[in-house]
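*Asks:* okay, predicted coordinates and the sequence, questions at the end:
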Amino acid sequence: MSTTDAEATTSQPNDTTDDLTSLRHSRRRFGDKVFKGISSGSGTLILVILAAVATFLVGLSIPALTADAEDLQYGEFWSYALPFAFGTVWAATLAMVFAVPVAIGIALFISHYAPRRLAQGLGYIIDLLAAVPSVVFGLWGINTLAPMMRPLYVWLADNFGELPVLGWFFTGPVSGTGRTILTAALVLAVMVLPIITAISREVFLQTPRLHEEASLALGATRWEMIRQAVLPFGTPGIVSACMLGLGRALGETMAIAMVLSPAAVIHFELLTSSNPNTIAGNIALAFPEAFGLGINQLIATGLVLFIITLAVNMTARWVLSRRKEFSGAN
Amino acid sequence: MSKRIELKDLNIFYGKFHAVKSVNMTIEPRAVTAFIGSSGCGKSTVLRSINRMHEVIDGAYVEGQVLLDGVDLYDKAVDPVRVRRHIGMVFQRPNPFPTMSIRENILAGVRLNNTKISRSEADELVEQSLRGANLWNEVKDRLDRPGSGLSGGQQQRLCIARAIAVSPDVLLMDEPCSALDPISTLAIEDLIKELKETYTVVIVTHNMQQAARVSDSTAFFNLKAHGQPGELIEYGPTEKIFHNPDQKATEDYITGRFG
């Protein structure tokens, strides 16, 4: 900042003099300088923060990753971390399966169906939902959602538990408390819903009027117009919204730690009382009792979560870039 | 294919604002009819009321009748979506769907009707529509490329091809050349002259030479004063409107004296 100020004061006289030397310095306007400084500074800051987090994770993970299995508090690292990694991805996937269609539906309703006043009110409520702390969602999950869902779980297990493929998901016995990975995923879905809805709504509202009219003039109904003009135009935005939602779902700690009674398992059963924990949930539960290399081991699972998130994001960007020339960006 | 349009006592509103006052006119089939007049006089509004695109704007509505070969398009039993399938429209700025290829753009209208067409039928329709829009030779090797990669004039002809692919009865054009360079404009004008063999063509234009070049009949719209509704001042054969108009306002506008 101090260099910016110094240059700004020296360029001041040049700006006010009338001779041609002032032309040479016209690029050094004070406001431009400040703005360039702030924006590139912020851009750099993000990289610095990310690098700092990555350094922390990698640095503290190495002792756990290189140590012998018998020295580690939780035993061999990968057999310890894998169920959590699986639980994280599984819970987040389920949450996205529930949340994305609903979020896009709400966003479309707000942007293209609802009368303006209702749309404003609804948008406000959705934003409010994003401000509810995850502890509250956790409590709601335990006290309200889990007991409420249990009869449905019993019904699902009775009717689909024996079937060939569906049996993998719906096999019994149903958890007595209803606190299963499905409940946790539903809580997660409610938590990521506002993020995905709010961003998708903004993107849908940005659809060029020209494209909507092109579709309508061809004789599209409103739904056809949405499929033809709004959704394709909004696809990159929807993907970004989902990535942000998925980021929250993957990293969510409190709600998961509260709702799940965890086990170290890898299976797709949605309704039983043995559920894989997530990485973040496990760190929260295990950290108070961890010591020595155990702490490093937990941090190493955090590194695994970091890598999963990064991989998902990069995959999404790669998928989008393949359709770049059809994105409508030009 | 080509059908006659009659506007009967057509009044057009945006909410409380009375945009166009009592228009009565008959638009002949197999001819080009041009709407001219200064900005804000309601000519585009009249055009958009013919395919019921006017009402997609919040609070916009119409009183009076628009008859397509005798059928009132504003009858309660008429579905605006079906009206638009019979009356195609080309906009001021080329608007191919950016997420679709050239081929998909052409087929966009056909796909809407939920009709399944075979690949060979689709191929044939794409070629026929692009030929109809004088674009086939320029794009036949890149039908799977995005439509947004074409030049402005080519994009506009792509939009015309997209509109004629559903074989409409009428083609409405809202200043189709105003965003184009003179050479592209010429290409579109040549195309318009061909299109009138098959369709009823209505074109809004700010370019008086263009109206004189392409149209058979011309309608001149004007405002009495700012804030007043637009009105149809004079309507007749283009030759007469440009050389021997009945109204002084028309003559002033044609000769460049606004009053």
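*Replies:* Structure's in. What do you need?
*Asks:* what does chain B have sitting close to chain A?
*Replies:* Applying C-beta under 8 Å from any C-beta of the partner chain, we find that chain B lies next to chain A at B:51, B:53, B:56, B:58, B:81-86, B:88-89, B:91, B:93, B:95-101, B:108-109, B:112-113, B:145-146, B:148-149, B:159, B:162-163, B:166. In short, each C-beta sits where N, CA and C put it, glycine included.
*Asks:* among these, which are in strands?
*Replies:* B:Gly88, B:Met89 (DSSP state E).
*Asks:* buried ones only from the residues of chain B next to chain A, please, as a PyMOL command.
*Replies:* In PyMOL, this line selects whichever of these come out buried by 16 or more other C-beta atoms under 10 Å in any protein chain shown:
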select buried, chain B and resi 51+53+56+81+83+84+85+86+88+89+91+93+95+96+97+98+99+100+101+108+109+112+146+148+149+159+162+163+166
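*Asks:* give me the number of residues near B:Asn207?
*Replies:* Neighbours of B:Asn207 under the rule other C-beta atoms under 10 Å in any protein chain shown: 16.
*Asks:* and the closest residue to it other than its chain neighbours, what pLDDT?
*Replies:* In space, and not counting its chain neighbours, B:Asn207 is closest to B:Cys177: 7.0 Å by C-beta to C-beta, 6 or more residues apart in numbering or on different chains. Looking at B:Cys177, its pLDDT stands at 91.
*Asks:* tell me the secondary structure at B:Cys177.
*Replies:* coil (DSSP: H, G, I helix; E, B strand; the rest coil).
*Asks:* for it, give me phi and psi.
*Replies:* phi -110, psi 0 (degrees, to the nearest 10).
*Asks:* quick one: the strands in chain B?
*Replies:* Going by DSSP E, chain B shows strands at B:5-14, B:17-27, B:32-36, B:60-68, B:71-72, B:87-90, B:170-174, B:200-204, B:217-223, B:230-237.
*Asks:* what pairs with the shortest one, parallel or antiparallel?
*Replies:* Right, the one you point to is strand B:71-72. strand B:60-68 (antiparallel) (DSSP bridges).
*Asks:* tell me the pLDDT of residue 11.
*Replies:* Just going to use chain A. pLDDT at A:Ser11 comes out at 45.
*Asks:* let's do chain B instead
*Replies:* On the pLDDT scale, B:Asn11 gets 95.
*Asks:* just A:Ser111 next, same as before
*Replies:* pLDDT, read off for A:Ser111, is 93.
*Asks:* list the residues that contact B:Ala212.
*Replies:* Residues in contact with B:Ala212 (C-beta atoms under 8 Å, 6 or more residues apart in numbering or on different chains) are B:Thr238, B:Phe242.
*Asks:* er, A:Asn277 actually
*Replies:* Shown in contact with A:Asn277 (C-beta under 8 Å, 6+ apart): A:Pro83, A:Phe84, A:Gly87, A:Ile256, A:Leu260, A:Pro262, A:Ala263, A:Ala264, A:Leu285.
*Asks:* give me that answer again for 7 Å
*Replies:* Contact analysis of A:Asn277 by C-beta atoms under 7 Å, 6 or more residues apart in numbering or on different chains lists A:Phe84, A:Gly87, A:Leu260, A:Pro262.
*Asks:* and those residues, which two are the farthest apart?
*Replies:* Greatest spacing in the contacts of A:Asn277, by C-beta to C-beta: A:Phe84 and A:Leu260 (11.3 Å).
*Asks:* on that earlier part again, quick one: which of the contacts of A:Asn277 is the most crowded by neighbours?
*Replies:* Ranked by neighbours (other C-beta under 10 Å), the contacts of A:Asn277 are led by A:Gly87, which has 27 neighbours.
*Asks:* and that residue, what does it touch?
*Replies:* A:Gly87 neighbours (C-beta under 7 Å, 6+ apart): A:Pro276, A:Asn277, A:Thr278.
*Asks:* where does the last one land on pLDDT?
*Replies:* Think A:Thr278. 91.
*Asks:* which residue ranges of chain B form helices?
*Replies:* Taking DSSP state H as the criterion, chain B carries its helices at B:43-50, B:80-86, B:102-112, B:119-132, B:136-139, B:152-164, B:182-195, B:208-214, B:238-243, B:248-254.
*Asks:* export the ones you listed as JSON lines, with columns for mean pLDDT.
*Replies:* Listed next are these as JSON lines, based on pLDDT from 0 to 100:
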{"stretch": "helix B:43-50", "mean pLDDT": "94"}
{"stretch": "helix B:80-86", "mean pLDDT": "92"}
{"stretch": "helix B:102-112", "mean pLDDT": "91"}
{"stretch": "helix B:119-132", "mean pLDDT": "92"}
{"stretch": "helix B:136-139", "mean pLDDT": "92"}
{"stretch": "helix B:152-164", "mean pLDDT": "93"}
{"stretch": "helix B:182-195", "mean pLDDT": "90"}
{"stretch": "helix B:208-214", "mean pLDDT": "91"}
{"stretch": "helix B:238-243", "mean pLDDT": "93"}
{"stretch": "helix B:248-254", "mean pLDDT": "89"}
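*Asks:* thinking again about what came up before, out of the contacts of A:Gly87, the closest to A:His211 would be?
*Replies:* A:Thr278 (40.6 Å).
*Asks:* roughly how far does the residue lying closest to that closest one once chain neighbours are set aside sit from A:Ile106?
*Replies:* Nearest non-adjacent residue to A:Thr278, counting by C-beta to C-beta, 6+ apart: A:Thr88, 4.2 Å away. Note on A:Thr88: its distance to A:Ile106, by C-beta to C-beta, to the nearest Å, is 26 Å.
*Asks:* and for A:Ile62, the neighbour number?
*Replies:* That count, for A:Ile62 with other C-beta under 10 Å as the rule, works out to 14.
*Asks:* please name the nearest non-neighbouring residue to it.
*Replies:* A:Asn296 (7.9 Å).
*Asks:* the one you found: which element?
*Replies:* helix A:293-322 (DSSP states H and E).
*Asks:* show me what contacts A:Phe287?
*Replies:* Counting by C-beta under 7 Å, 6+ apart, A:Phe287 has contacts A:Leu298.
*Asks:* ok, back up a step: higher neighbour count, A:Thr88 and A:Ile106?
*Replies:* Neighbours per residue, other C-beta under 10 Å: of A:Thr88 and A:Ile106, the larger number sits with A:Thr88, 27 against 22.
*Asks:* the more buried one belongs to a strand?
*Replies:* No. When classified by three-state DSSP, A:Thr88 is found to be helix rather than part of a strand.
*Asks:* and it, what's its pLDDT?
*Replies:* 93.
*Asks:* next, count neighbours for B:Glu194.
*Replies:* Neighbour tally, B:Glu194, other C-beta under 10 Å: 12.
*Asks:* separation between it and chain A?
*Replies:* Distance check for B:Glu194 against chain A: by C-beta to the nearest C-beta, to the nearest Å, it reads 21 Å.
*Asks:* relative to A:Ala69, how far out is that residue?
*Replies:* B:Glu194 is 81 Å from A:Ala69, by C-beta to C-beta.
*Asks:* B:Pro182 now?
*Replies:* On the measure of C-beta to C-beta, B:Pro182 and A:Ala69 end up 79 Å apart.
*Asks:* which of these two has more residues huddled nearby?
*Replies:* A count of neighbours by other C-beta under 10 Å puts A:Ala69 above the other of B:Pro182 and A:Ala69, at 12 against 9.
*Asks:* quick check: closest non-adjacent residue to the more buried one.
*Replies:* That would be A:Glu76: by C-beta to C-beta, 6+ apart, it lies 4.1 Å from A:Ala69.
*Asks:* same deal with A:Pro194?
*Replies:* A:Ala130 (3.7 Å).
*Asks:* where does pLDDT dip in chain A?
*Replies:* By pLDDT under 70, the low-scoring segments of chain A are A:1-28, A:327-330.
*Asks:* domains for it, by residue range?
*Replies:* A:1-66, A:75-326 (automatic domain parsing).
*Asks:* any idea which of the helices of chain B gets closest to A:Leu303?
*Replies:* helix B:102-112 (44.1 Å).
*Asks:* now do the contacts for B:Ala133.
*Replies:* By C-beta under 7 Å, 6+ apart, the neighbours of B:Ala133 are B:Arg157, B:Ile160, B:Ala161, B:Ile164, B:Leu191.
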